[in-house]
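A.B. asks: okay, structure incoming, though there's no sequence with it:
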């Protein structure tokens, strides 16, 4: 069983537009509303892979009810901790090959709610094999909250895939509590290190050897259309991917995380882990719906991905 954690979920609203214009009316051609937040995108893709998965985190208000109802519709198990605040909404406007996003901060979490979640989490973590943690922390939670979660996971010797950014990620990286995997993109990597990291192999290899990443088994850097670059312990890999027609890139990083988590759960080889994760990211980008993959196209794309040790 895989456990996914979304501390700041949302109702994701995607508007498909011919074009986006400021200071006037924009009428969408299509509208999609989904149970969102990075961790829930991960959850849906894991479910589509046929994995046994349960979603957890914090939910409140009518949008919290909507999210649980949407998960029930696709028979995804969930065990969220209830909060007094209202779960947020997030909007993505898709116009041509561009996207404009409006992301609400979300509710303010009470100290009692934070503690209640951690107690519930410790009970749940003992029943699963691996934990995937995704996204931002809502207001009210301390910047080191992910450290507290990871400490509990390590108490029971459970691997952790962490997909976060900014202060919450840096807090983990500078602590003694290390996840098994992190997945920054190149921009996030540059922010972490305080300098521009280019896409060339030498720059990426030097970056992933920084002391900041000591103790982390896997660091996988997303490079968008240029694939990925990864370090597994002391080995480095360049991942090259084929060109595809992108329909909706929202959620592709989360689909990649789902692939990483699934591969770890099945003790896949380095090559298969990197191929599986990148295939799922591409499959998501080919669909209108966020956090959705068409598995009929999986095998063909898998064979087109090239993984080189460098």
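C.D. replies: Right, received. Where do you want to start? Remember, it's a predicted structure, so these values are computed and weren't measured experimentally. Numbers count the residues shown, from 1 in each chain.
A.B. asks: roughly how far apart are the residue nearest to residue 9 when sequence neighbours are not counted and residue 11?
C.D. replies: Excluding the flanking residues, the one nearest residue 9 by Cβ to Cβ, 6 or more residues apart in numbering is residue 37, at 3.4 Å. Using the backbone N, CA and C atoms, a C-beta is placed for each residue, glycine as well. Using Cβ to Cβ, to the nearest Å, residue 37 is found at 9 Å from residue 11.
A.B. asks: which one of those two has more residues nearby?
C.D. replies: residue 37 (32 against 21; other Cβ atoms under 10 Å).
A.B. asks: wait, isn't the more buried one in contact with residue 134?
C.D. replies: Yes - assessed by Cβ atoms under 8 Å, residue 37 is found in contact with residue 134 at 7.4 Å.
A.B. asks: what's the overlap in contacts for these two?
C.D. replies: residue 6 (Cβ atoms under 8 Å, 6 or more residues apart in numbering).
A.B. asks: residue 48: neighbour count?
C.D. replies: 18.
A.B. asks: isn't residue 271 right up against residue 305?
C.D. replies: No - assessed by Cβ under 8 Å, residue 271 is found out of contact with residue 305, at 9.2 Å.
A.B. asks: between the two, tell me which one has more neighbours.
C.D. replies: Neighbour tally, residue 271 and residue 305, criterion other Cβ under 10 Å: the higher count belongs to residue 305, 20 against 15.
A.B. asks: so who does the more buried one touch?
C.D. replies: By Cβ under 8 Å, 6+ apart, the neighbours of residue 305 are 227, 239-242, 274-275, 278-279.
A.B. asks: and if you look at residue 277?
C.D. replies: Per Cβ under 8 Å, 6+ apart, neighbours of residue 277: 220, 228, 256-260, 263.
A.B. asks: make TSV out of the residues you listed and add secondary structure.
C.D. replies: Shown next, in TSV, are those (DSSP: H, G, I helix; E, B strand; the rest coil):
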residue	secondary structure
220	strand
228	strand
256	helix
257	helix
258	helix
259	helix
260	helix
263	helix
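A.B. asks: pick out the most distant pair among the residues you listed.
C.D. replies: Largest separation among these by Cβ to Cβ: 228 and 258, giving 14.7 Å.
A.B. asks: who has more neighbours, those two?
C.D. replies: Neighbours of residue 228 and residue 258, each counted by other Cβ under 10 Å, are more numerous for residue 258; the result is 34 against 25.
A.B. asks: not counting sequence-adjacent ones, nearest residue to that one?
C.D. replies: residue 45 (3.7 Å).
A.B. asks: neighbours of that neighbour, how many?
C.D. replies: Residue 45: 28 surrounding residues under other Cβ under 10 Å.
A.B. asks: residue 174 touches residue 210, doesn't it?
C.D. replies: No - here residue 174 does not reach residue 210: they are 11.8 Å apart, not a contact under Cβ under 8 Å.
A.B. asks: could you say which helix or strand holds the residue nearest to residue 228 when sequence neighbours are not counted?
C.D. replies: Nearest residue to residue 228, sequence neighbours excluded (Cβ to Cβ, 6+ apart): residue 239, at 4.1 Å. If you go by DSSP states H and E, residue 239 is part of strand 235-240.
A.B. asks: packing partners for that strand?
C.D. replies: helix 201-208, strand 228-232, helix 270-285, strand 306-309 (3 or more Cβ pairs under 8 Å, 6 or more residues apart in numbering; DSSP states H and E).
A.B. asks: at 10 Å what do you get?
C.D. replies: helix 201-208, strand 218-222, strand 228-232, helix 270-285, strand 306-309 (3 or more Cβ pairs under 10 Å, 6 or more residues apart in numbering; DSSP states H and E).
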